[in-house]
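# heads up, no residue letters with this:
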């Protein structure tokens, strides 16, 4: 089940943008619906045991029988297509060097996605040892922010050119190793580390308003990143939630063929009743808790 | 002669990005060169009588003999390709409704470019009567900012959907009808008036630093536009100087075939010695001075 | 109503290829369904008064109320999207010179489609005076086969380069002015008149078997066109029935905006009971019978 | 050195089609030049010890110092870009199943190229044991023609759907295991084994005339393949010589990064004086002679 809920018939769906379905979100002026997501319509239960699926004929994806790739398939409903979408928004091409900011679940799968598509090198940027280690284990080059400015590290490795494209997998709650929030930090780093006329795909979430943001502009969803530099370098930027259905059949096939294995993320498999504790540990970024799978009858 | 100066052999040129030639700008860390443009290399004379053309074999464009389309051809060195590039960065497709902010020379030619490519409607936004009239004369729908919020005007005309894509042809010195500068104004308006998952092409200039900017962030080239809204709508944005050579042969052919006539812009043809006066009038946006052509032997 | 019948949920539909829906054609091994077309499923009545529409929620296209563009809208169910698809398969780009072989309804609308998308010139090739005149009336350059080899005419007009791309709107029953059938004639002409690395879109119908074909290979759907020349010129070719739903909303909008008016084709409007006679006249290519509209209550 | 010779300034070069350079081939009516290729201009010596390189500044590709990847780099001048071009012409997308007909050097590198770009599976079709074994060693699924109709084998493996796209790496001298020539054999097989609306990239050579061809049409370069089936399936086909310069910088980088290693092909390294004997063995498809490298001072 994709996390988007789409009708399959409106103009957005018709063009492959199920994430902006014009029909399934009854909120005035909003397009696109999802399970358990603020302002995305009355669809509860993104992680419940049973789920009501509207327009099921359109939204459901058939999976092969058996349990062989079960952990991998679980990633198909949200984070693997989201990560893949990030690389597509970035305009990735085979042979590219790709900078991925963030080694959370989406960032790690963006690195995985880039390598599947023929990236020659992926720079995975973070400051948690366990995540950087996981990035390295799938073939990415870990860039540790604590070791110095990531932009300089990437420019140096690429002979001053920068990465060919980049993915933002952090979001507006970006913070530095000391814990301070800097909503514009990751975008500045991407503009700096991606080459001229390169593309940037943004799938880390940014919100139109946030009363708890650290500055006045940020409260209105304004992010004062280095736009002049962005323009001068002639870069492109694509953003937004992934239209899951555009990718999930191909990603399923890559999993079945053994060429994608996003289940490498899973560090813990727990019962649904253990979820609250697990969420707390994940939010605290406790060492080794990269991704938790919840089983209805764990 | 394109305003870019490119070598034709480096990786950027090879990929069609002559605006980011890796060789012709000797400034450390800069890519791309141009005539008479700050930080774009030691090439004087964008509007001089004679011009030294490096890598002429690669950069020059052959024109047919005669003087028939002379005013049209003059637009090929810079503003017509720049305007066209804006529509390409916006991801224009036939049948689109396109919002063009700014009815200066580039904005008007962006409207012209969009209509040539099959736009079903172009909204040309400005607040000068002569420019809005010129926009209307080429088939665009004029949107007068003085008559109300342009976002609301465009949303209303499109049944609430917004334009399919948009072009920014104003730049960081955007000001409202009262004359105050608001660097983020036009970007906010584009995010508001373009539909979900629509594209925005930015060819109005934004600079990395501007000591005279009205705010601290803007001095560092930071533009705090409504990024949260941009992300939530899943929009795309492409920016930067046009790689003139990618477009100028096709645009020349469209002119010769009578399907493009960018010379409609020209309001005045003057001698080179009258240039200083003309610049003053153009900068003051004096009524009727839309575009001035300078002749060496005027 | 598109002439394709599609489910909206299978993989083909999901990728925008409703013309190859995997579900609506129950014939073993066939994909894609249509009204009143051999081997395209049990759906009668492409031109009946009432129609059963399966998966109507997905297949129907809303039209604005009123009768203003009625003749234009009628073209949306089949021939306008088919003609447009031909230009897309050809890889048309703004500024292109386009060779369209055939001035029947689809060929004329392919010329119309190309001009809407910014073609600098369209060569419309045929040998019937009324059709050539109609082509000229919409801005195309008529090429009369009776006046000489069309390839030479097109090469001469383009300075020896050839057209940038081409559309085949004739089909396997191509015949020369004398009435002999030559299934490979039009493909040979397209290969000859399109430039190196140019694209060719084929929407004139070719069938896998035809017992009445003039030669043994042709009976098996084999068309011995000049493939060696095609390869040496590095050309591309796209074929097949149009996925109507991919285009019809945009084309409707172009009609409403007044930028497309495919109804120019209509030469006769008749009642449904006059259809047999009209078909006879159309098949005989009687002078002036370019396109007939059938009204249920004519 | 690419095998194409291109000027870097004409319209074809400007658009990235160096294989159809308008200037370097002085033959009347021909575009594109190459070393040691019939009708491609007066440039001898594709395999000589020293080479005159016209427009060297544009055509030469810088390589890193050292001999580490020497065998891999040798493939950059012709067959690796040609093979890669085949997958691009086929419109390959990540997750595709790809049918590659022919396991000669170009066919094997096409399989390698497809896997680098994220193909989920590659079917490599041939009837020589050593070649099929080599295909298997790089991760492709070998399809042995001697074991049965390759179309049926591929349809069966893909549940009746067929491959998503296909590459022709054989050419007009296609022969069956018994040694008879059938110029249309491979194209028929591709049309049969590729799915509806799938793409086919043809890089095996077809010539405009061949006095020794087995049939009259084939002597004129006419290949009577199953065109009706091709059209009914709505397939696309791209053809022609590769514009080497469009790909070789990226492919070099993939080699340096260790993600491409086309040198796996090399079975023998010989001195230039051993060339005649080696050619004879290669032409006879002697077992184990997949690709021979000639060293000037072997």
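Done, it's in. These figures come from a predicted structure and were not determined experimentally.

# got the contact list for residue A:191?
Counting by CB atoms under 8 Å, 6 or more residues apart in numbering or on different chains, residue A:191 makes contact with A:200, A:225, A:226, A:229, A:230, A:233, A:235. The C-beta positions use only the backbone N, C-alpha and C, and glycine is treated the same way.

# and it, that's in a strand?
No: going by DSSP: H, G, I helix; E, B strand; the rest coil, the assignment for residue A:191 is helix, not a strand.

# Give the burial count for the residue nearest to it when sequence neighbours are not counted, as a bare number.
Leaving aside its sequence neighbours, residue A:191 sits nearest to residue A:230 (CB to CB, 6 or more residues apart in numbering or on different chains; 4.8 Å). By other CB atoms under 10 Å in any protein chain shown, 27 other residues sit near residue A:230.

# who in the stretch 1-150 of chain A is up against chain C?
A:8, A:9, A:11, A:14, A:15, A:16, A:57, A:58 (CB under 8 Å from any CB of the partner chain).

# hey, where'd the strands end up in the stretch 101-250 of chain A?
For the stretch 101-250 of chain A, applying DSSP state E, counting those that start in this stretch gives strands covering A:121-126, A:141-144, A:163-168, A:194-202, A:236-239.

# now these in a markdown table, with mean neighbour count and mean pLDDT?
Formatted as a markdown table, the strands of the stretch 101-250 of chain A follow (neighbours: other CB atoms under 10 Å in any protein chain shown; pLDDT from 0 to 100):
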| stretch | mean neighbour count | mean pLDDT |
| --- | --- | --- |
| strand A:121-126 | 27 | 98 |
| strand A:141-144 | 20 | 98 |
| strand A:163-168 | 30 | 98 |
| strand A:194-202 | 26 | 97 |
| strand A:236-239 | 24 | 98 |
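
# isn't residue A:22 right up against residue A:12?
Yes: judged on CB atoms under 8 Å, residue A:22 makes contact with residue A:12 at a distance of 5.3 Å.

# residues shared between the contacts of those two?
Going by CB under 8 Å, 6+ apart, residues that sit against residue A:22 and also against residue A:12 are residue A:31.

# neighbour-wise, which of those two wins?
residue A:12 (23 against 19).

# helix or strand for that one, which one?
helix A:11-14 (DSSP states H and E).

# Please enumerate the helices of chain A.
With DSSP state H, the ranges of helices along chain A come out as A:11-14, A:56-59, A:70-74, A:79-89, A:105-116, A:129-137, A:150-157, A:185-193, A:216-219, A:227-232, A:244-256, A:275-283.

# And the fifth one, how far out from the chain middle?
Just to be clear, that refers to helix A:105-116. Its chain's C-alpha centre and that of helix A:105-116 lie 9 Å apart, by CA atoms, centre = their mean, to the nearest Å.

# Then the longest one?
The chain centroid and the centroid of helix A:244-256 are separated by 16 Å under CA atoms, centre = their mean.

# wait, what's in contact with residue A:287?
Counting by CB under 8 Å, 6+ apart, the residues that residue A:287 touches are A:128, A:129, A:130.

# ok, residue A:246 to residue A:265 distance?
According to CB to CB, to the nearest Å, residue A:246 and residue A:265 sit 22 Å apart.

# Comparing the two, which shows the higher neighbour count?
residue A:265 (24 against 21).

# which ones are touching that one?
A:75, A:105, A:108, A:109, A:134, A:290, A:291.

# And it, how far from chain C?
26 Å (CB to the nearest CB, to the nearest Å).

# What score does that residue have for pLDDT?
With respect to pLDDT, residue A:265 scores 91.

# what do you get for residue A:286?
73.

# Need the max-distance pair from the contacts of residue A:265.
A:75 and A:134 (14.2 Å; CB to CB).

# higher neighbour count, the two?
residue A:75 (28 against 23).

# Do I have it right that that one meets residue A:108?
No: in this structure, residue A:75 is not within contact of residue A:108 by CB under 8 Å, at 10.5 Å.

# Can you report phi and psi for whatever residue of the stretch 51-200 of chain A ends up closest to chain D?
Nearest to chain D, among the residues of the stretch 51-200 of chain A, is residue A:95, at 3.4 Å (CB to the nearest CB). The phi/psi pair for residue A:95 (degrees, to the nearest 10) reads phi 90, psi -10.

# circling back: what residues sit buried inside the helix holding residue A:12?
By 16 or more other CB atoms under 10 Å in any protein chain shown, the buried positions in helix A:11-14 come out as A:12, A:13, A:14.

# One more: stretch A:134-141?
Quick answer for stretch A:134-141 (16+ other CB under 10 Å): A:134, A:135, A:138, A:140, A:141.

# quick one: terminal-to-terminal distance for stretch A:169-179?
Using CA to CA, to the nearest Å, the end-to-end distance of stretch A:169-179 comes to 17 Å.

# Apart from its neighbours in sequence, what residue is nearest residue A:180?
Closest to residue A:180 by CB to CB, 6+ apart is residue A:214, at 7.9 Å.

# what about residue A:137, distance to residue D:149?
43 Å.

# Of the contacts of residue A:191, which is the nearest to residue A:242?
Taking CB to CB as the measure, residue A:242 lies nearest residue A:200 of those, at 15.7 Å.

# Beta-bridge partners for that closest one, please?
Applying DSSP bridges to residue A:200 gives these bridge partners: residue A:166, residue A:237.

# and it, what does it touch?
A:89-90, A:165-168, A:190-191, A:194, A:235-238.

# mind redoing it with 7 Å?
Going by CB atoms under 7 Å, 6 or more residues apart in numbering or on different chains, residue A:200 touches A:90, A:165, A:166, A:168, A:190, A:194, A:235, A:236, A:237.
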